[in-house]
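[1] What shape does this take:
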Amino acid sequence: MIKATTTIRAVELFQVDLPPPVPRSDAIQSFVTQETPMVRIRCADGSEGTGYSYTIGTGGSSVMALLRDHLAPRLIGRDPAHIEAIWRDLLFATHATSVGAITSLALAAIDTALWDWRCHRDGQPLWLAAGGAQARVPVYTTEGGWLHLSPAALVEEAIAAREAGFQGAKIKVGKPHLADDLARLSAVRHAVGDRFALMVDANQCFTVAEAIRRAPHYAELGLGWFEEPLPADDLSGHVRLANATSLPIAVGESLYSAGQFADYVRQGACSIVQADVARIGGITPWLKVAHLAEAANLAICPHFLMELHVSLCAAVPNAAWVEYIPQLDAIATSRVRIEDGHAVPPDTPGLGIDWDWAEIERRAAARVVVS
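    Residues are numbered from 1 along each chain as shown. Next up, the predicted model:
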C-alpha cells in the first residue's frame, strides 16, 4: 500500500456573492448575482489547494450546506493525491442527490481544490498536468451579446470585440418573433463581415417545432453553432433537430454527468460539446467528457468559467474555443491572457488563479471551517 504523502486536516468553506460587471439576460432569465462557493483544503504538511464553483443567483446556500454537512467532513484524514478515489467516494456518498446541479457544484468545488493542490505539489500549471495539448485556444466573447441589448448596441459591442482581437462573438436569441432575432443577427453579421465567427444561444427556450423552424434562417447567416435550442432533458428532440438542420447543435452547460453526455454523443444529438467544469462536478469528470468527445471526433467548447476553462481547453486536443465572460475579477488579481485572438493558459503552478484573500474575506456571505 502506498503511504500517504500528507493528509487533509481542515477544510475552509466560503460563499462569495459577486454581482456581474454588466447586465446579463437571456431568453429565460437574468444573471443577477454569482454565488461562488469556495473550498480551501489545508493539509498536515502545510500545503493547501483552493477550488470553487458558482451559481447564477440561486442555490448557493444549498451547495454550502451539502459541503458543510456531508462532503467536507469526509475529506478529513484523506490523502489529497487520491483525487479519483475521493471524487468517486463523494459521489457514492451523495447518490441519493445525484445526478443534479447542487451535488455537481459541490463536488466541483472540492475537485478543483484537489487539482490545485496536486499542481502546486508538482510545480505544474493545470493545462500541462491535465494533458498539455495546446499552447493557446481561440477565444470568443459573449459579454456583448445579451438579449436585452438593441441591434445598435450589439453591433457596437461586436465591432469593439473584433477590434480588441476576439475571433468571434455569441448572440442570445429567443425573441418572440423570428424577425426580431434575424434583424439583430443580420445587423451584426453585416457590421463584422463573414470572417468573424458568430454563434447563437437560445438558453433552452424553444419547442422542437420552433427550433426546427428557426434553424435554417439562422444557418443562412453562417453561424458557428445553435446553442441550447431545447430543454436539456429533451434528448429525442435534439436528435430530431440535429437531423433536420446543417447548423451545428451545441449542448452541455445543463448536463451534469459524463453519462448524460455519452447519451447525447451516442445518439448524434449534438456536434459541439459544452461541458461546464462546475456543473459536471469538477476537473476529473470534465476531462472524461472532453476525451469522450475527442473519441467521437467532436469539438469541446465549454460554457463560462473562462478562468478554469482556459487551462482545460489547452489540456485537450479537441477544444476549439474558450468563452470570454469575466467572472472573478473582483476577487482575483490574475486575468486571462489574450494574444492574437487566443486565450493563453497560465504557466504558474496550480489552477493559475491568484486569489485576493483579503477581498474574499471582506465579501464572504458565509464562512465555515471543518476540521
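[2] C-alpha only now, for contacts and for neighbours.
    Noted.
[3] Residues contacting stretch 122-133, please?
    115-116, 119, 287, 311-317, 345-352 (C-alpha atoms under 8 Å, 6 or more residues apart in numbering).
[4] any idea where the strands of the stretch 201-350 of the chain begin and end?
    226-227, 249-251, 272-273, 299-300, 322-324, 337-339, 342-344 (DSSP state E, counting those that start in this stretch).
[5] What pairs with the second one, parallel or antiparallel?
    As defined by DSSP bridges, the strand partners of strand 249-251 come to strand 226-227 (parallel), strand 272-273 (parallel).
[6] Can you give the strand pairings for the least confident helix or strand in the chain by mean pLDDT, parallel or anti for each?
    The weakest-scoring helix or strand in the chain, judged by mean pLDDT, DSSP states H and E, is strand 30-31 (a mean of 80). Its sheet considered, strand 30-31 pairs with strand 24-25 (antiparallel) by DSSP bridges.
[7] Quick one: mean pLDDT for the strand it pairs with?
    Strand 24-25 shows a mean pLDDT of 85.
[8] what sits up against that strand?
    Residues from elsewhere that reach strand 24-25 (C-alpha under 8 Å, 6+ apart): Ser30, Phe31, Val32, Glu143, Trp146, Leu147, His148.
[9] Looking at the residues you listed, spot the one nearest Leu241.
    Leu147 (22.8 Å; C-alpha to C-alpha).
[10] That closest one is in contact with Gln29, isn't it?
    No: counting by C-alpha atoms under 8 Å, Leu147 sits too far from Gln29 to count as a contact (10.0 Å).
[11] neighbour count winner among those two?
    Taking other C-alpha atoms under 10 Å, Leu147 and Gln29 do not tie; Leu147 has more neighbours (24 against 11).
[12] Quick check: the more buried one is in a strand.
    No: using DSSP: H, G, I helix; E, B strand; the rest coil, the assignment for Leu147 is coil, not a strand.
[13] ok, it - contacts?
    Counting by C-alpha under 8 Å, 6+ apart, Leu147 has contacts Arg24, Ser25, Asp26, Ala27, Ile171, Lys172, Val173, Gly174, Lys175.
[14] May I have the predicted confidence score for it?
    pLDDT for Leu147: 93.
[15] phi, psi of it?
    The phi and psi values for Leu147, taken as degrees, to the nearest 10, are phi -70, psi -30.
[16] so where's this structure uncertain?
    1-4 (pLDDT under 70).
[17] Domain map for it?
    The chain breaks down by automatic domain parsing into domains covering 8-123+356-370, 127-344.
[18] Only alpha carbons, please: show the longest helix seen in the chain as CSV.
    Across the chain, the longest stretch assigned as helix under DSSP state H is helix 101-122. Output of helix 101-122 as CSV, limited to C-alpha atoms (Å, rounded to 0.1, in the frame of the first residue of the first chain):
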residue,chain,number,x,y,z
ALA,A,101,-26.8,20.6,-10.2
ILE,A,102,-26.4,21.1,-6.4
THR,A,103,-24.4,17.9,-5.9
SER,A,104,-22.3,18.5,-9.0
LEU,A,105,-21.5,22.1,-8.0
ALA,A,106,-20.4,20.9,-4.5
LEU,A,107,-18.2,18.1,-6.0
ALA,A,108,-16.6,20.6,-8.4
ALA,A,109,-15.6,23.0,-5.6
ILE,A,110,-13.8,20.1,-3.9
ASP,A,111,-12.3,18.5,-7.0
THR,A,112,-10.9,21.8,-8.3
ALA,A,113,-9.3,22.3,-4.9
LEU,A,114,-7.6,18.9,-5.1
TRP,A,115,-6.3,19.5,-8.6
ASP,A,116,-5.0,22.9,-7.4
TRP,A,117,-3.2,21.1,-4.5
ARG,A,118,-1.7,18.5,-6.9
CYS,A,119,-0.5,21.0,-9.4
HIS,A,120,1.2,23.1,-6.7
ARG,A,121,2.8,19.9,-5.3
ASP,A,122,4.2,19.0,-8.6
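[19] Distance from the chain centre to whatever helix or strand comes next after that helix, please.
    Helices and strands here follow DSSP states H and E; after helix 101-122, the next one along the chain is helix 126-129. Chain-centre distance of helix 126-129: 17 Å, with C-alpha atoms, centre = their mean, to the nearest Å.
[20] now Glu84: how far from Thr112?
    Applying C-alpha to C-alpha, to the nearest Å, the value for Glu84 to Thr112 is 12 Å.
[21] the more surrounded of these two?
    Taking other C-alpha under 10 Å, Glu84 and Thr112 do not tie; Thr112 has more neighbours (29 against 14).
[22] Around the closest residue to that one other than its chain neighbours, how many other residues sit close by?
    Closest residue to Thr112 apart from its sequence neighbours, by C-alpha to C-alpha, 6 or more residues apart in numbering: Gly51 at 4.5 Å. When neighbours are defined as other C-alpha under 10 Å, Gly51 has 24 of them.
[23] quick one, phi psi at Gly51?
    Taking degrees, to the nearest 10, you get phi -140, psi 170 for the backbone angles of Gly51.
[24] Check the one 4 residues further on too.
    Here is the backbone geometry of Thr55 (degrees, to the nearest 10): phi -130, psi 170.
[25] So which residues of the stretch 51-200 of the chain form strands?
    Taking DSSP E, counting those that start in this stretch as the test, the strands found in the stretch 51-200 of the chain are 137-141, 168-172, 197-201.
[26] Would you convert the strands paired with strand 249-251 into JSON lines that also reports mean neighbour count and distance to Arg68?
    Output for the strands paired with strand 249-251, formatted as JSON lines (neighbours: other C-alpha atoms under 10 Å; distance: least, C-alpha to C-alpha, whole Å):
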{"stretch": "strand 226-227", "mean neighbour count": "26", "distance to Arg68": "35"}
{"stretch": "strand 272-273", "mean neighbour count": "26", "distance to Arg68": "32"}
